[in-house]
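> generate a structure from the sequence data that follows.
(2 chains)
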Protein chains: 2
Amino acid sequence: MKGNVIVGQSGGPTAVINSSIAGVYRTAIDRGARKVYGMLHGIQGFLDEKYVDLSDHIRNDLDVELLKRTPSAYLGSCRFKLPEIHEDRDIYEKIFRILDKLEIEAFIYVGGNDSMDTIKKLSDYAIVTGHDCKFVGVPKTVDNDLALTDHTPGYGSAAKYIGTSTKEVIRDGLALTYDKEQVIILEIMGRNAGWLTGAAALARSEDCDGPDLIYLPELTFDVDKFKKKVGELLEKKKCVVVAVSEGIKVADGRYVCELSEGIDSVDPFGHKQLTGTASYLASMLAAEFGCKSRAIELSTLQRSASHLASRVDINEAFQVGGAAVKAADEGETGVMVILERVSDDPYQCATAVKNVHKVSNVEKLVARKWINKEGTYVTEEFLDYVRPLIQGDYPPVMVEGLPRHLFHNNKW
Amino acid sequence: MKGNVIVGQSGGPTAVINSSIAGVYRTAIDRGARKVYGMLHGIQGFLDEKYVDLSDHIRNDLDVELLKRTPSAYLGSCRFKLPEIHEDRDIYEKIFRILDKLEIEAFIYVGGNDSMDTIKKLSDYAIVTGHDCKFVGVPKTVDNDLALTDHTPGYGSAAKYIGTSTKEVIRDGLALTYDKEQVIILEIMGRNAGWLTGAAALARSEDCDGPDLIYLPELTFDVDKFKKKVGELLEKKKCVVVAVSEGIKVADGRYVCELSEGIDSVDPFGHKQLTGTASYLASMLAAEFGCKSRAIELSTLQRSASHLASRVDINEAFQVGGAAVKAADEGETGVMVILERVSDDPYQCATAVKNVHKVSNVEKLVARKWINKEGTYVTEEFLDYVRPLIQGDYPPVMVEGLPRHLFHNNKW
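Numbers count the residues shown, from 1 in each chain, chains lettered A, B, ... in the order given. Sure thing, here's the model as predicted:
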């Protein structure tokens, strides 16, 4: 490389997105880039000319290792969709002015669907205007809903956290159910795609029954059937555990969390507020069966728990970052790096690149055949797909009993 | 020892309570006990004659190691307060009949305040009736609210989890606050004692600002002052993080989570339900400042996350279990094992025993001097006390990417 590289992060954080930044940085330096910039808060901060020289922050090999273990977007993230070129040409001109000023040869963007849309638009604009900056996307999302790639970095670590936490929550639940039945509802991220929720099934193993029921957003949720199912289970066991996606919907298209609309739809401050999916269902079951019930939302913990990251995931995140720089250096633009599963046993994955036009704005959902007939669990095939992604640990560097992250200037 | 030993678990689970069972089992066997029984679901299951021979379940050294890494009460727990002797003598006669049948020489009970009350009543009864079974309590509670002991096993691991998760949640929050302020409220266990909530301050370190405000239940919560404080912080920073105890109360004695009473006090199924403390405050701040806000409850995850247990905690839990058997074997009864801090630097702790009459039904709260003047944070002295308890790891035995626990028959 002769010029400079700039990298940015976009969309929801993950436990391993910073490993991709480390991969970009390392490969860019190895290939001779003069400077590697990091845009702050993605394209949104870039438009305000907010960026840093990464070598001021990644000063040595230990920093690289710490960055790989630092959760959430080190450079800050954004949710910002570029307008179409015909809608606002000025914004594009501004972006390219800044790119020219910084002598950027490769623009690398780490993110999900919206980020790939950004890569698509910028690379299209560059081609049309004859600009030779290369634009390459790096996949990242806990939701695992990106098309073409076998899976997305970030998903494996979140799945490992969800599997582990589900096991621990089930153990906890069993302890205090002697004379009164209990239902525990775990609410897991994923508005439209059930990849994360399905990962709760990983808890089913020789030493744990796993959750009893799992509901993905890919299928319509039937409240009556659900109640019946839980009722049947409560005849047989004292502690019933259900994993639900935050995005499950009933037949008329409403989210389950919208079913509480009416008297409770207003919070104490007069604002419309949705009860969580899990807490709605937990209240419903307590009323129906007179059992104890508990709603547990895994919240942002599930996407940022780098202390329990999967080694496969951290390494792949690093790898796709590096592959993006290599692709740009070799002249590719308007592409996203993907992971191709070469073999399941032993698990092997290789990187490749795909035209970003085929990726952006397409959501990859869990296939119907990977959900059981009743729609209440994922299949063994689903688990065979996920299991390789949660293997191995990347133990935190512990300082004074807590994981150390790479120092971060909170003022960014 | 010549006779048999029985051990039970009571109260809320912890990540290390099973390490105490392992300690009891090992020491009892080492000291010549013929059989070591485990009562299922504590004294409540014992009254139904539900118990197991632990040697059927702990078959070798690997099982001991797995048990030490298994969260929640392996034998099942209960919340059951024995009646006073004069209220129901029959129940005592029944207990002692079963003890005699099983030839029990030492009755070990692992738990918190209520469990020590059980030890007190049973040992009193034995002394009065001339029965020579010994009754010894083993401290356990994530809440750390037991009197006389420097701290309770279970607390250190929960504190380590809370510190780690708080760091990760803060990182996550920083990523997506560029153009809009955000407040994150973390709700942490502890109805009356703020030991766990204070542990959120562990997140404040070279690489993290830590939470901005911490509110313990020991002090009255002033809603107006809180709003003012958050408002001031939002002038200075974009992401404000607050840790609150689930048990904070306002001046008139109501819990903060009860302030939403009125229109929203009824769930969609007509049942009175309290909004969580964090979600009440998050709604309030969003309404007040027009900022984003997010409520995160650490829920049962914080007490059962054995995957992040503290080595000091696991080892001390094992140690107090062993010390209880030794005490009983040496003729002590009506005592609880305590941990005495011998030195802070280097941290050293030794076991001793104390009369259980001095322990039961006394809650140890965070001292006023360990909370700052304004009541919005814990002091360095608080952190000096906690830090030694979260040191070291006890890495899970990973099988197929997830922590392995000791097999547990869910039918118990």
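
> residue A:242 should be in a strand, yeah?
Yes: according to DSSP: H, G, I helix; E, B strand; the rest coil, residue A:242 belongs to a strand.

> tell me how far the residue nearest in space to the middle of chain A lies from chain B.
Residue closest to the mean C-alpha point of chain A, counted by Cα atoms, centre = their mean, is residue A:142 at 1.5 Å. In this view, residue A:142 and chain B are 11 Å apart by Cβ to the nearest Cβ, to the nearest Å. (Each C-beta comes from the backbone N, C-alpha and C, glycine too.)

> in its sheet, what does the helix or strand that contains residue A:183 sit against?
Remark: residue A:183 resides in strand A:182-188, with elements defined by DSSP states H and E. Applying DSSP bridges, strand A:182-188 is found paired with strand A:239-245 (parallel), strand A:292-297 (parallel).

> quick one: which of those is nearest residue A:373?
strand A:239-245 (18.0 Å; Cβ to Cβ).

> show the subsequent helix or strand relative to that closest one.
Criterion used, DSSP H and E; the element after strand A:239-245 is helix A:277-289.

> what's the separation between the nearest residue to residue A:332 once chain neighbours are set aside and residue B:380?
Closest residue to residue A:332 apart from its sequence neighbours, by Cβ to Cβ, 6 or more residues apart in numbering or on different chains: residue A:353 at 5.6 Å. Residue A:353 sits at a distance of 52 Å from residue B:380 (criterion: Cβ to Cβ, to the nearest Å).

> what does residue A:68 give?
Residue A:68 is 32 Å from residue B:380, by Cβ to Cβ.

> between these two, which is the more surrounded one?
residue A:68 (22 against 10; other Cβ atoms under 10 Å in any protein chain shown).

> so what pLDDT did residue A:265 get?
We have a pLDDT of 49 for residue A:265.

> surely residue A:300 and residue B:169 touch.
Yes: between residue A:300 and residue B:169 there is a contact at 5.9 Å, judged by Cβ atoms under 8 Å.

> between the two, who's got more neighbours?
Set residue A:300 next to residue B:169 and count neighbours by other Cβ under 10 Å: residue B:169 wins out with 27 against 24.

> next one: the one helix or strand that one maps to to chain centre, how far?
In this structure, residue B:169 sits in helix B:155-175 according to DSSP H and E. In terms of Cα atoms, centre = their mean, to the nearest Å, the centre of helix B:155-175 is found 17 Å from the chain centre.

> which strands and helices sit next to it?
Here helix B:155-175 touches helix A:301-304, strand A:402-403, strand B:182-188, helix B:195-198, strand B:239-245, helix B:301-304, helix B:311-329, going by 3 or more Cβ pairs under 8 Å, 6 or more residues apart in numbering or on different chains; DSSP states H and E.

> give me the neighbour count for the closest residue to residue A:220 other than its chain neighbours.
Among residues not flanking residue A:220 along the chain, residue A:251 sits closest, at 5.3 Å (Cβ to Cβ, 6+ apart). For residue A:251, the count of nearby residues is 9 (other Cβ under 10 Å).

> could you list the low-pLDDT ranges of the stretch 201-350 of chain A?
A:261-275 (pLDDT under 70).

> thinking again about what came up before, keeping just the C-alphas, turn the strand holding residue A:183 into PDB.
Once non-C-alpha atoms are left out, strand A:182-188 reads as follows in PDB (Å, rounded to 0.1, in the frame of the first residue of the first chain):
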ATOM      1  CA  GLN A 182     -41.800 -21.700  38.500                       C
ATOM      2  CA  VAL A 183     -41.600 -20.400  35.000                       C
ATOM      3  CA  ILE A 184     -38.500 -18.500  33.800                       C
ATOM      4  CA  ILE A 185     -38.700 -16.500  30.600                       C
ATOM      5  CA  LEU A 186     -35.400 -15.400  29.100                       C
ATOM      6  CA  GLU A 187     -35.600 -12.600  26.600                       C
ATOM      7  CA  ILE A 188     -32.900 -12.600  24.000                       C
END
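
> just want the angle from it to helix A:155-175.
170 degrees (axes from the mean of the first three to the mean of the last three Cα atoms, to 10 degrees).

> what parts of the stretch 101-250 of chain A come near chain B?
Within the stretch 101-250 of chain A, the positions lying close to chain B (Cβ under 8 Å from any Cβ of the partner chain) are A:160, A:163-165, A:167-169, A:171-176, A:178-179, A:202-203, A:205-209, A:237, A:239.

> in PyMOL, select just the buried ones from the residues you listed.
This is the PyMOL syntax for the buried subset of these, where burial follows 16 or more other Cβ atoms under 10 Å in any protein chain shown:
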select buried, chain A and resi 160+163+164+165+167+168+169+171+172+173+174+175+176+178+202+203+205+207+208+209+237+239
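
> show me the contacts for the residue of chain A most remote from its centre.
Relative to the centre of chain A, the most outlying C-alpha is that of residue A:179, 39.6 Å out, by Cα atoms, centre = their mean. Going by Cβ atoms under 8 Å, 6 or more residues apart in numbering or on different chains, residue A:179 touches residue B:44.

> I'd assumed it was in a strand, is it?
No: counting by three-state DSSP, residue A:179 is located in no strand; its state is coil.

> what's the per-residue pLDDT of residue A:378 here?
98.

> quick one: the strand holding residue A:183 to chain centroid distance?
On Cα atoms, centre = their mean, the centre of strand A:182-188 falls 21 Å from the chain's centre.

> and stretch A:224-241, by the same measure?
31 Å.

> put the alpha carbons of that stretch into CSV.
Extracted as CSV, the C-alpha positions of stretch A:224-241 are listed here (Å, rounded to 0.1, in the frame of the first residue of the first chain):
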residue,chain,number,x,y,z
ASP,A,224,-52.9,-20.0,23.4
LYS,A,225,-50.7,-22.8,22.1
PHE,A,226,-47.9,-21.4,24.2
LYS,A,227,-50.0,-21.4,27.4
LYS,A,228,-51.1,-24.9,26.7
LYS,A,229,-47.6,-26.1,26.2
VAL,A,230,-46.4,-24.5,29.4
GLY,A,231,-49.3,-26.0,31.3
GLU,A,232,-48.4,-29.4,30.1
LEU,A,233,-44.8,-29.0,31.1
LEU,A,234,-45.8,-27.8,34.6
GLU,A,235,-47.6,-31.1,35.0
LYS,A,236,-44.3,-32.8,34.6
LYS,A,237,-41.7,-30.5,36.0
LYS,A,238,-41.4,-27.8,38.6
CYS,A,239,-39.2,-25.3,36.8
VAL,A,240,-40.0,-24.6,33.2
VAL,A,241,-37.6,-22.4,31.3
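
> quick one: contacts of it?
Outside stretch A:224-241, the residues that reach it (Cβ under 8 Å, 6+ apart) are A:166, A:169-170, A:173-174, A:177-178, A:180-184, A:186, A:210-213, A:215, A:242, A:281, A:284-285, A:288-289, A:291, A:376, B:410.

> give me the buried positions along that stretch.
A:226, A:229, A:230, A:233, A:234, A:237, A:238, A:239, A:240, A:241.

> ok, stretch A:380-395 next?
Buried-residue list, stretch A:380-395, by 16+ other Cβ under 10 Å: A:382, A:383, A:385, A:386, A:387, A:388, A:389, A:390, A:391, A:392, A:393, A:394.

> do stretch A:343-355 as well
For stretch A:343-355, using 16+ other Cβ under 10 Å, the buried residues are A:349, A:351, A:353, A:354.

> among those residues, which are in strands?
Those of those mapping onto strands are A:349, A:351, A:353, A:354, per DSSP state E.

> show me which of the residues you listed is closest to residue A:83.
Distances from residue A:83 to those, taken by Cβ to Cβ, are shortest for residue A:354, at 24.6 Å.
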